[in-house]
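Participant: Sequence and predicted structure below; questions after.
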Amino acid sequence: MIKRDLYLDNIKPFMSKDLVKVITGMRRSGKSTLLEQIKAELFSQGISKDSIISMNFESIQFDSLLDSHTSFYQEVMRLAGGKEGKLYLFFDEIQMVNSWERAVNSFRVDLDCDIYITGSNASLLAGELASLLAGRFITFEVLPFSFKEMVLAMPALTQDEVFDIYRTIGGLPFLTQVNFSRQESLAYLQDIFNSIVLKDIVQRNSFRDTDQLEKVLAYFISEIGTTISVKNLSNVFAEEKRPVSREGIYNYLNAAEDAMLLSRLKRYDVKGKDILRGQEKVYVTDLGLRESLFHNNEARIDMVLENIVFNELKRRGFEASIGKNGTKEIDFVAKKGSELQYFQVAYLLASEETIEREFSAFAGIDDNYPKTVISMDTVDFSRNGIQHMNIQDFLSS
C-alpha cells in the first residue's frame with residue numbers, strides 16, 4: 001500500500017480538531033484507502049480502535065440507513081452509547097445517505113467527536129452542509145497517484161519506464177494490484193468510466209439520454225487541452241440528427257465536473273488581471289480513462305503532457321487558469337495564496353523555432369514571478385530568467 005503522505009501531511013494538523021474533514025475525489029481515486037491511513041495515524045497516536053465508528057455506505061450492510069438521516073443518526077448514537085472519551089467517526093461515500101448533512105451536524109453537537117467523511121462529487125459541500133456547519137469543515141481533494149507515488153508503486157522499473165506507463169494508463173491506485181498490466185488495466189478503467197457515468201452522473205442528475213451524454217463526454221475527453229466550442233459541438237449533434245442544445249451540453253459538462261471526472265479552466269488576462277469569458281479548456285482527472293476510450297494517448301502526447309502538468313498543479317494546491325498574454329497564450333497561470341507561477345508545456349524543444357515560440361509566450365510579463373517551460377527534453381534550455389525543466393524532474397520536485 002502506498003502511503004498518501006501529501007494528503008496525510010495536510011490533514012494531520014486538523015486531526016482531533018472541531019472541524020469536519022471532508023475528503024472528495026473521483027470514484028476510485030483512493031479516498032477509502034486514505035481513510036484507513038488516517039485511522040492508522042490515529043492508532044499511532046494512541047487512539048484505541050474502540051474509539052472509532054466507521055461506515056462505508058457502498059456496503060449493503062448499511063442499506064437500511066440510506067433513506068433516512070434519522071436512522072443514520074440513531075445507529076451512530078447506538079454504537080456510541082457507553083463509549084468514553086473522544087470518538088472518531090468515519091463515513092465513506094456519505095452522499096448516498098439522504099439528508100446526511102443534518103445527522104453530521106447533530107453528531108458535532110451531541111458527541112465529543114472528530115468526523116471524517118468522503119464523497120465522489122464536488123458539490124458535496126453545496127447548500128445545506130455549508131449553512132449548517134458554517135465554517136466548521138475543511139476540504140481535501142484526493143487525486144489518483146502522482147508520478148512520485150507511481151515510482152514508489154513500481155520499484156522494479158526505471159523512472160522512464162514508470163513515466164511511459166503513467167502517461168498512457170494513468171495512476172488509479174487499484175492498478176497496482178494488476179501490476180499495471182495494459183490489458184487488465186484498460187478493462188478496469190473502462191468499468192470505472194462506466195460507473196462514473198452511470199452512478200455519479202446519470203443517476204445524480206436524472207439524465208435520460210445516456211448515449212448522448214457519453215458522446216459529449218467522449219468529445220471533451222478526446223479534446224483535452226484544446227479550446228472548447230460548445231456551439232460547434234451542438235452543430236455536430238444537429239447534423240447527426242441527435243440535437244442537443246448548448247445548455248444541455250453545459251449541463252453534461254457541469255455534471256462531469258461535479259463527478260470530478262473533468263476540470264474546466266477559464267482564461268486569464270495576465271496584463272489586465274481579469275478572468276475572460278469563453279475559450280475554456282477541459283482536462284481529465286486520470287489519463288488512463290482517456291486511453292481506455294481512445295487508445296491514443298501516445299498520439300496526442302503534447303496534450304497528454306499538458307494534462308499531466310495541470311493535474312500536478314492541482315495536486316499541489318494551485319488554482320490554474322489559461323493565460324492570455326496579448327496575442328500569445330500561456331498554458332497555465334497557477335495561483336496558491338500569494339504565490340503565482342507561469343508554466344508552458346511542450347513535447348520536445350526540437351528546433352530553435354519551437355524554443356522561441358514556447359519561451360516567447362512570457363514576453364512582456366515584467367513581474368518577478370517564476371516562469372517555467374516544461375518538456376521531455378533532458379538538455380537544459382533555460383534562458384533570460386525563464387527556467388526549463390524536464391517533465392519527470394518537475395513531477396519529482
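Facilitator: Structure received. In this text the structure is predicted, and so the values were computed from the model without any measurement.
Participant: From Asp50, how far out is the most far-flung residue of the chain relative to its centre?
Facilitator: For the chain, the largest distance from the centre (CA atoms, centre = their mean) belongs to Gly82, which lies 39.6 Å off. Note on Gly82: its distance to Asp50, by CB to CB, to the nearest Å, is 10 Å. The C-beta positions use only the backbone N, C-alpha and C, and glycine is treated the same way.
Participant: Low-confidence bits of the stretch 101-250 of the chain, can you list those?
Facilitator: Counting by pLDDT under 70, the stretch 101-250 of the chain has low-confidence residues at 125-130.
Participant: how about the strands of it, start to end?
Facilitator: 113-119, 137-142 (DSSP state E, counting those that start in this stretch).
Participant: buried set for the shortest one?
Facilitator: Which is strand 137-142. Phe137, Phe140, Glu141, Val142 (16 or more other CB atoms under 10 Å).
Participant: Going by distance to Phe57, which of the residues you listed wins?
Facilitator: Phe57 lies nearest to Val142 out of the buried residues of strand 137-142, by CB to CB, at 17.2 Å.
Participant: Report the central residue of this structure.
Facilitator: Leu143 (4.4 Å).
Participant: Now do the contacts for that residue.
Facilitator: Shown in contact with Leu143 (CB atoms under 8 Å, 6 or more residues apart in numbering): Gly25, Met26, Ser29, Thr285, Asn311, Lys314, Arg315.
Participant: Can you flag which of these belong to strands?
Facilitator: Within the contacts of Leu143, residues falling in strands by DSSP state E are Gly25.
Participant: List the ones among the contacts of Leu143 that fall in helices.
Facilitator: Asn311, Lys314, Arg315 (DSSP state H).
Participant: Most neighbours among the contacts of Leu143, which one is it?
Facilitator: Among the contacts of Leu143, Thr285 has the most neighbours (other CB atoms under 10 Å), with 28 neighbours.
Participant: Does that one touch Ser263 like I think?
Facilitator: Yes: when contacts are counted by CB atoms under 8 Å, Thr285 is listed as touching Ser263 (6.9 Å).
Participant: about what we covered before: can you tell me which of the ones in helices among the contacts of Leu143 is closest to Leu124?
Facilitator: For those, the nearest to Leu124 is Lys314 (17.3 Å; CB to CB).
Participant: burial of Ala238, as a residue count?
Facilitator: Neighbour tally, Ala238, other CB under 10 Å: 12.
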